[in-house]
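[1] Build the 3D model from these lines:
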Amino acid sequence: MSHPAPHPIGLADEITRQLQLLAEHVAVLPPDQATQVIAHILNPDAGLFDRVIGLVSVSSTFAKVQAERGVLPAEVWLALGRAANDLDAVGGDLDEHRDTLRRFGTQPATGAAKPPAPAPLVVRRSR
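    Take a look at the predicted model:
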C-alpha cells in the first residue's frame, strides 16, 4: 500500500476542483468527445466512478470503526454505508452497458461523424 498523501485535505480540495473542471468540459465538448470522456469516467474496470465507490466504501469502513469507539454518531456510519451501497447498485446498473461503454471509450473521436438517430425518450414533440 502506498503512503498517505502529506496533505490529504489539499488533495481532496484539488480533486474536487478537477472534478468541477471535468464537468465543465463535458458540458461543452462536442458529443463524440463528451461520450468518450463519459465512457472513461464510467469505465467499469478502472474508471473514476469506480474509484468514487471505493472511496465512499473506505470512508464507511472508517466511520464504522469510529462509531464503535463512540467518536462518530452511528448515523454517520449508516449514511455512508447506504451511500456506498447505493453507488454500488448504480455501478451494477451500468454493468449492463459494459460493452457499449468500452466500445465508446476506445473509439477515436471524430468531429464529422453522423449523429445517431434520436432515441424515443429524447424525441421532442413539435407544437
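
[2] Which secondary structure elements does whichever strand or helix holds Phe104 sit against?
    Using DSSP states H and E, the element containing Phe104 is helix 98-106. Secondary-structure packing of helix 98-106 (3 or more CB pairs under 8 Å, 6 or more residues apart in numbering; DSSP states H and E): helix 31-41. (Each C-beta comes from the backbone N, C-alpha and C, glycine too.)

[3] hmm, 10 Å instead?
    helix 31-41, helix 74-95 (3 or more CB pairs under 10 Å, 6 or more residues apart in numbering; DSSP states H and E).

[4] what comes up buried for the first one?
    Taking 16 or more other CB atoms under 10 Å as the basis for neighbour counts, the residues of helix 31-41 that come out buried are Asp32, Thr35, Gln36, Val37, Ile38, Ala39, His40, Ile41.

[5] rewinding a little: per-residue confidence averaged over the helix holding Phe104?
    In this model, helix 98-106 has an average pLDDT of 78.

[6] tell me how far it is from the chain's mean position?
    15 Å (CA atoms, centre = their mean, to the nearest Å).

[7] between that helix and helix 74-95, how big is the angle?
    80 degrees (axes from the mean of the first three to the mean of the last three CA atoms, to 10 degrees).

[8] any residues touching helix 98-106, and which ones?
    With contacts defined as CB atoms under 10 Å, 6 or more residues apart in numbering, helix 98-106 is touched by 32, 35-45, 47, 94-95, 97.

[9] Throw the helices and strands packed on helix 98-106 into a markdown table and include mean pLDDT, thanks.
    Formatted as a markdown table, the helices and strands packed on helix 98-106 follow (pLDDT from 0 to 100):
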| stretch | mean pLDDT |
| --- | --- |
| helix 31-41 | 89 |
| helix 74-95 | 94 |
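
[10] Reformat these into JSON lines and put distance to Leu19 next to each item.
    Compiled in JSON lines, the helices and strands packed on helix 98-106 are given as follows (distance: least, CB to CB, whole Å):
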{"stretch": "helix 31-41", "distance to Leu19": "10"}
{"stretch": "helix 74-95", "distance to Leu19": "15"}
